[in-house]
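> The following block contains a protein sequence and its predicted model.
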Amino acid sequence: MSSRVIKNYKVCMGTPFRIKAPLIIKDNDVNDNYINDNYINDNDVNNSNSFITESEESQYFANSVDVEEAIQMIQREANIIIKEAEDEAQRILEESKEDAQKSKIEIEKAKAKGYEDGRKEAQLIKEKAIEEYGQILNNIENDIVDIILDISRKVLYTEKIQNKNVIFNLVREAIDNCTYKNEVILRVSPYEYNYIMQNKDELDLILGDIDNFEVRKDSLLQNGDCIIETPYGCIDTSINTKLNKIEKAFKEICNIQNITNGYAYVREEY
């Protein structure tokens, strides 16, 4: 009767791996005296170093199964690690996209803020330029008024020096503007007082039917000054007084014109 024990030259002592079980030939298929060379007889069973026992074979197959389970477990862990790595990479990618979007938004905000700041700065510069323009224009107009008035004073001064009859024109103007003429006092400078007294006939023509009339010399007055006094008030027809009124009127007109022009200019800009 043959045994199912594998011969020792068929056993691999290296790294364990799965092998097929040997084919067992039943006793009734062959003669007991002729057994395949791939098998040994029962007499060799006593030699423990020449064969693998059934318990060792079972242990071998059990170890083979453990290795497969270990490989499967390692594969599952590897898949888990790969999945976690992929998830982490996806998370980093999403965060990068979000950061890029936030950066884009911040850049747009910075651009908008820069544009707004630039617009405000330009507006301030424009308003300052308008203000400076108004000041320059106002100064120029004031200078022009001063020049005109200065020229007028020089012309009138020259006129009253060369034409002494100017004082009579001033007296005539004062008398014409006087409502109450029953009692009149004429006040002039010392220089013009002498000239008037020397030409009293001219003065009488101006006074007409005024009976109570007196000419007084006032050392505080300058050439070209002429003041008429009545019980109801005074009338000043002095040249300087006229020039002062003209100057005031000029400056008022210039100020109104500057305000109007500035307002119109600002409205046009907006």
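Now that the structure is in, tell me what you want to look at.

> all contacts plus neighbour counts: C-alpha atoms, from now on.
OK.

> Please identify which helix or strand holds Tyr133.
For Tyr133, the enclosing helix or strand under DSSP states H and E is helix 54-162.

> helices or strands up against the helix or strand following that helix?
Once helix 54-162 ends, the next helix or strand along the chain (criterion: DSSP H and E) is helix 166-176. On a contact count with 3 or more CA pairs under 8 Å, 6 or more residues apart in numbering; DSSP states H and E, helix 166-176 meets helix 54-162, helix 200-207, strand 226-230.

> Which residues outside helix 166-176 are in contact with it?
159-160, 181, 186, 192, 196, 202-203, 206-207, 224, 226-228, 235-238 (CA atoms under 8 Å, 6 or more residues apart in numbering).

> According to the record, where do the domains of this protein fall?
8-52, 139-269 (automatic domain parsing).

> for Ser219, helix, strand, or coil?
coil (DSSP: H, G, I helix; E, B strand; the rest coil).

> does it really touch Tyr191, like I thought?
No. Using CA atoms under 8 Å, Ser219 is not in contact with Tyr191; the gap is 9.2 Å.

> between these two, which one's more packed in?
More crowded of Ser219 and Tyr191, by other CA atoms under 10 Å: Tyr191, with 15 against 11.

> And that one, how far from Lys126?
From Tyr191 across to Lys126, the span is 57 Å (CA to CA, to the nearest Å).

> per-residue confidence averaged over the helix holding Tyr133?
Taken as a whole, helix 54-162 carries a mean pLDDT of 76.

> Taking helix 166-176 as reference, get the angle to that helix.
100 degrees (axes from the mean of the first three to the mean of the last three CA atoms, to 10 degrees).

> tell me which strands and helices helix 54-162 is in contact with?
Helix 54-162 packs on helix 166-176, helix 239-269, going by 3+ CA pairs under 8 Å, 6+ apart.

> Can you flag the weakest of those by average pLDDT?
It's helix 239-269: among the helices and strands packed on helix 54-162, that one has the lowest mean pLDDT, namely a mean of 66.

> any idea of the pLDDT on Arg187?
90.

> Can you tell me the SS state at it?
Going by three-state DSSP: Arg187 is strand.

> State the distance from it to Ile136.
Counting by CA to CA - Arg187 and Ile136 are separated by 43 Å.

> Settle it for me: which of these two has more neighbours?
Arg187 (22 against 12).

> what residues are up against that one?
Val215, Arg216, Lys217, Asp218, Cys226, Ile227, Ile228, Glu229.

> secondary structure class for Met224?
Check again: residue 224 is Gly, not Met. Criterion first, three-state DSSP; result for Gly224: coil.

> Wait, it touches Asp236, no?
No. Applying CA under 8 Å, one finds Gly224 not in contact with Asp236, separated by 10.9 Å.

> Tell me the confidence at Cys226?
87.

> Next, the contact list for it, please.
Contacts of Cys226 (CA under 8 Å, 6+ apart): Ile167, Leu170, Val171, Ala174, Leu186, Arg187, Val188, Ser189, Asp236, Thr237, Ser238, Ile239.

> Surely the last one and Leu221 touch.
The reference is to Ile239. No. Counting by CA under 8 Å, Ile239 does not reach Leu221; the two are 11.3 Å apart.
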